[in-house]
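Trainee: Provided below are the primary sequence and the corresponding predicted coordinates.
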Amino acid sequence: MILSPRVSREASVMSTRSAAASPVDAQTTLAEHPRFGAASSLLDARDDLYMLVADLAAEAPFEVSEFGPELRKSSAATQRLVLGSPVIRSVLNAVLSERKYGAVHDRTEIARLLTIATERMRAGELDRPLESPLAQRLPGHSIWLWREDGMDEFGRELGRLFQTDVVYGSESENLALRTATRRMTRVIRDAVLVLDRLVPYLARGLLPHVTLIAVVDQLHRNGDRIPPGSPSFESGSSDSVPGIIFLSPSALRSVWSTAEAIFHESCHQKLFDLASVSTIYRSGYSPASSERIKSIWNRSTAQNSNFWSIDRALIAFHVYVHLAALSKVGLWQASSAESAGSRPPEVDFDRGFRRTADRAHYLGHMLRESGQIELGPDGKALVEWLVQVLQELIDPPVPLRTLTARLSI
């Protein structure tokens, strides 16, 4: 299931008036809220959960008795690499869903992968992700660029998960994971640096939720490469393969388009982590039978309806509030001579803020109106908090009738 592949990247960033709150305040609020914002607290809670799931894997029917104890003996750095691994998280999520909901998974494969991970930890401290022994680390962050050279069992499993859980059933062309070129690597590094300089608090709150970035090669059915900028897959994330974001050459066409893509997908990764340790949705929630919210700015396609389930609407709302804050900071810095060196050139933050704030405002209203029955206690509180943050960015608020008409154009 693709949660965020976009046919053409929405410009991330409503003529704006002076807001009641400073954009820096909004940054800090989004990044440091003790319940929904602070990355360190969320990651600790997530890892504590996975430690408990590792203990469950020692019991029948999995009976991988050594993975949990070996993990607990490892250093904090190794624990974070293992528990941040997209493949290990996918495996542990399968263990949890089987024990909690009775879902059926390939127990032999689960045991095999956990056994291999145990052997890796026993052989010595890990210094790179399991999926990519030759991965390159981005300066200043615990984010790694995936490489296909040196790939082994975990790299091949990542490729399989990408094909079955991300690509399958999408309207995109043929996709495959590829090593980033030198130019792509430089662009990704510069994009992360732009985010660090432009929105340091937001970057600190979002980027730690990403373990790996992988480049996706786009091919036509006849095997020819799709030129960058073509209207196809740009970037994506999936809660079935958490911890990794996928970027296409189209997303990598410039430093700023790459920064937008990384920022966008990092929002998804943060919400995946939040959902794993919180009651975001009601017990028994199912996207298939969920209430629907119409994304009135989109057209429906055969593979992609514009009537969104509540989880999809919440995912988009979470992203749009963050993108609105990003654009607001850009607008603020555009008027500050001291910040001239940190803002990207030729970025229309004003237009971007209008678009993302409008969509966030609409989705927040609709989630309050139609989503309450599908949300759990933490989900309801999350919506209310994000609405409050958005209200601090928009002054005065736009009437819903005006907003709906504007978005429908």
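Mentor: Cool, the structure landed. Not measured: the values here are computed from a predicted model. Numbers count the residues shown, from 1 in each chain.

Trainee: Go through the biggest strand by length in the chain and flag the buried ones.
Mentor: Scanning the chain for the longest strand, with DSSP state E as the assignment, gives strand 212-219. Neighbour counts over strand 212-219 (16 or more other CB atoms under 10 Å) mark 212-216, 218 as buried. Yep, even glycine has a C-beta here, placed from its N, CA and C like the rest.

Trainee: Any chance of the residues you listed in a markdown table with pLDDT and distance to L274 as columns?
Mentor: Output for the buried residues of strand 212-219, formatted as a markdown table (pLDDT from 0 to 100; distance: CB to CB, whole Å):
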| residue | pLDDT | distance to L274 |
| --- | --- | --- |
| L212 | 98 | 19 |
| I213 | 98 | 20 |
| A214 | 97 | 23 |
| V215 | 96 | 27 |
| V216 | 92 | 25 |
| Q218 | 72 | 31 |
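
Trainee: Next, count neighbours for G124.
Mentor: Here the count is done by other CB atoms under 10 Å, and G124 has 9 residues near it.

Trainee: whoops, S237 was the one
Mentor: 26.

Trainee: same check, this time on R122
Mentor: When neighbours are counted by other CB under 10 Å, R122 comes out with 11.

Trainee: Can you give me the separation between it and G379?
Mentor: According to CB to CB, to the nearest Å, R122 stands 40 Å off from G379.

Trainee: Go through stretch 371-386 and flag the buried ones.
Mentor: Neighbour count says stretch 371-386 has 371, 374-376, 378-383, 385-386 buried, by 16+ other CB under 10 Å.

Trainee: That should have said stretch 277-285, apologies.
Mentor: 277-278, 280-282, 285.

Trainee: how far does that stretch stretch from start to finish?
Mentor: 16 Å (CA to CA, to the nearest Å).

Trainee: what's the offset of that stretch from the middle of its chain?
Mentor: 19 Å (CA atoms, centre = their mean, to the nearest Å).

Trainee: Report the mean per-residue pLDDT for that stretch.
Mentor: Regarding stretch 277-285, the rounded mean pLDDT is 95.

Trainee: Stretch 160-167 too?
Mentor: Stretch 160-167 comes out at a mean pLDDT of 88.

Trainee: Please produce TSV containing the buried residues of strand 212-219, extended by distance to E63.
Mentor: Converted to TSV, those look like this (distance: CB to CB, whole Å):
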residue	distance to E63
L212	29
I213	35
A214	32
V215	38
V216	36
Q218	42
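
Trainee: tell me the strands in the stretch 51-200 of the chain, going along the chain?
Mentor: Ranges of strands in the stretch 51-200 of the chain, per DSSP state E, counting those that start in this stretch, are 136-137, 144-145, 174-178.

Trainee: Tell me which of those strands sits most buried.
Mentor: Comparing those by mean neighbour count (mean count of other CB atoms under 10 Å), strand 144-145 comes out on top with a mean of 22.

Trainee: That strand: how far from the chain's middle?
Mentor: So, by CA atoms, centre = their mean, the centroid of strand 144-145 is 15 Å from its chain's centroid.
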